[in-house]
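Undergrad: Requesting a structural model of the entry that follows:
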Amino acid sequence: MQPLDPFQPFRLDGKVALVTGASSGLGERFARVLDAAGAKVALTARRADRLNALAADLTDALAIPCDLADDEQRSRIVPETLERFGRIDLLINNAGSSEPMRALDEPVEHFRDTLELNLVAPFALARDVALAMVAQKSPGVIINIASIYGVTGIGRVPTASYSASKGGLVSLTRELASQWSRKQIRVNALAPGYFRSEMTTELFADQRLVDWVQEKTPLARVGEEHELDGALLFLASDASSYVTGQILCIDGGWTAI
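TA: Numbering: from 1, shown residues only. Here you go, the predicted model:
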């Protein structure tokens with residue numbers, strides 16, 4: 001019997017990961033975690049300066065500045081990644097936007113733009129990456145970053161377009177997993193609750209909101225960025241080799257009650 005190493009399945013040595021929205025917040029954290037686990041990482045986001053700085057700080061990384069909502073710019077991502085690394089094993093669909101406003105006040109154009117970035121772009125990129133995975137004839141993993149807003153209604157923070165986009169991403173995750181499982185492509189989603197990150201700094205500046213989140217969350221606190229590390233590595237690695245089509249809520253128990 002070979003020696004048991006319970007940590008080995010979580011390693012990503014030799015794998016190539018593509019992370020969107022990697023210039024800050026959770027996306028930057030995801031890139032650093034994948035790098036630490038041994039993966040080569042392609043990074044994409046709009047802010048070229050921050051993206052290049054992150055790439056320089058990682059072991060083997062490629063920065064691809066682009067606007068994911070722009071079809072022409074987005075179409076460069078997979079070819080440039082393949083040109084540099086020769087393959088893609090893992091996609092983290094993390095990029096997205098949220099601008100709270102009452103549904104009664106939200107312009108249809110704003111709703112449409114939110115869906116374009118948060119739902120249409122992840123589908124398009126997942127399709128392009130899946131085609132590359134099929135061509136290279138090796139298993140692949142796609143992780144969509146959804147939200148508890150896509151699993152349950154919130155109300156207190158009004159974001160109809162964001163909730164709709166994340167709900168669509170949840171359903172898309174299950175559908176793509178169903179279609180692509182025989183191609184050895186696993187598709188899962190992380191659905192974070194309220195986490196402290198660069199993107200939520202302004203949100204958590206409102207102490208009333210912090211108090212409300214703590215009151216509503218069974219663990220009575222918001223999450224910290226590092227508390228997504230384990231869930232990310234589980235879904236990204238062979239540790240979850242028999243898991244697909246699942247939505248993993250990392251929310252301190254929010255969706256359990």
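Undergrad: I'd like the next helix or strand past the longest strand seen in the chain.
TA: Using DSSP state E, we find that the single longest strand of the chain is strand 185-192. Next helix or strand after strand 185-192 toward the C-terminus (DSSP states H and E): strand 195-196.
Undergrad: which element follows that following strand toward the C-terminus?
TA: Next along from strand 195-196, by DSSP H and E: helix 207-216.
Undergrad: for that next one, which positions count as buried?
TA: 209-210, 213, 216 (16 or more other Cβ atoms under 10 Å). C-betas here are computed from N, CA, C, even on glycine.
Undergrad: mind putting these in a markdown table, pLDDT included?
TA: Output for those, formatted as a markdown table (pLDDT from 0 to 100):
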| residue | pLDDT |
| --- | --- |
| L209 | 88 |
| V210 | 90 |
| V213 | 92 |
| K216 | 94 |
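Undergrad: I'd like the residues you listed laid out as JSON lines, including distance to G193.
TA: Listed next are the buried residues of helix 207-216 as JSON lines, based on distance: Cβ to Cβ, whole Å:
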{"residue": "L209", "distance to G193": "13"}
{"residue": "V210", "distance to G193": "13"}
{"residue": "V213", "distance to G193": "8"}
{"residue": "K216", "distance to G193": "10"}
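Undergrad: re earlier: so what secondary structure elements neighbour the longest strand of the chain?
TA: helix 121-136, strand 140-145, helix 160-180, helix 229-236, strand 247-250 (3 or more Cβ pairs under 8 Å, 6 or more residues apart in numbering; DSSP states H and E).
Undergrad: Kindly present the ones you listed as JSON lines, with separate columns for mean pLDDT, mean neighbour count and distance to R102.
TA: Listed next are the helices and strands packed on strand 185-192 as JSON lines, based on pLDDT from 0 to 100; neighbours: other Cβ atoms under 10 Å; distance: least, Cβ to Cβ, whole Å:
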{"stretch": "helix 121-136", "mean pLDDT": "98", "mean neighbour count": "18", "distance to R102": "25"}
{"stretch": "strand 140-145", "mean pLDDT": "98", "mean neighbour count": "26", "distance to R102": "25"}
{"stretch": "helix 160-180", "mean pLDDT": "97", "mean neighbour count": "20", "distance to R102": "8"}
{"stretch": "helix 229-236", "mean pLDDT": "98", "mean neighbour count": "20", "distance to R102": "32"}
{"stretch": "strand 247-250", "mean pLDDT": "98", "mean neighbour count": "19", "distance to R102": "26"}
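Undergrad: which one of these lies closest to F30?
TA: helix 229-236 (5.9 Å; Cβ to Cβ).
Undergrad: helices and strands around that closest one, which ones?
TA: Using 3+ Cβ pairs under 8 Å, 6+ apart: helix 229-236 touches helix 25-36, strand 90-93, strand 140-145, strand 185-192, strand 247-250.
Undergrad: Now do the longest one against strand 140-145, angle only.
TA: What it means is helix 25-36. 150 degrees (axes from the mean of the first three to the mean of the last three Cα atoms, to 10 degrees).
Undergrad: What are the buried residues along helix 25-36?
TA: 25-35.
Undergrad: Which of the residues you listed scores worst on pLDDT?
TA: When those are compared on pLDDT, G25 comes out lowest, with 90.
Undergrad: so who does it touch?
TA: Counting by Cβ atoms under 8 Å, 6 or more residues apart in numbering, G25 makes contact with 197-200, 225.
Undergrad: thinking again about what came up before, with respect to D67, which of the buried residues of helix 207-216 is nearest?
TA: L209 (29.7 Å).
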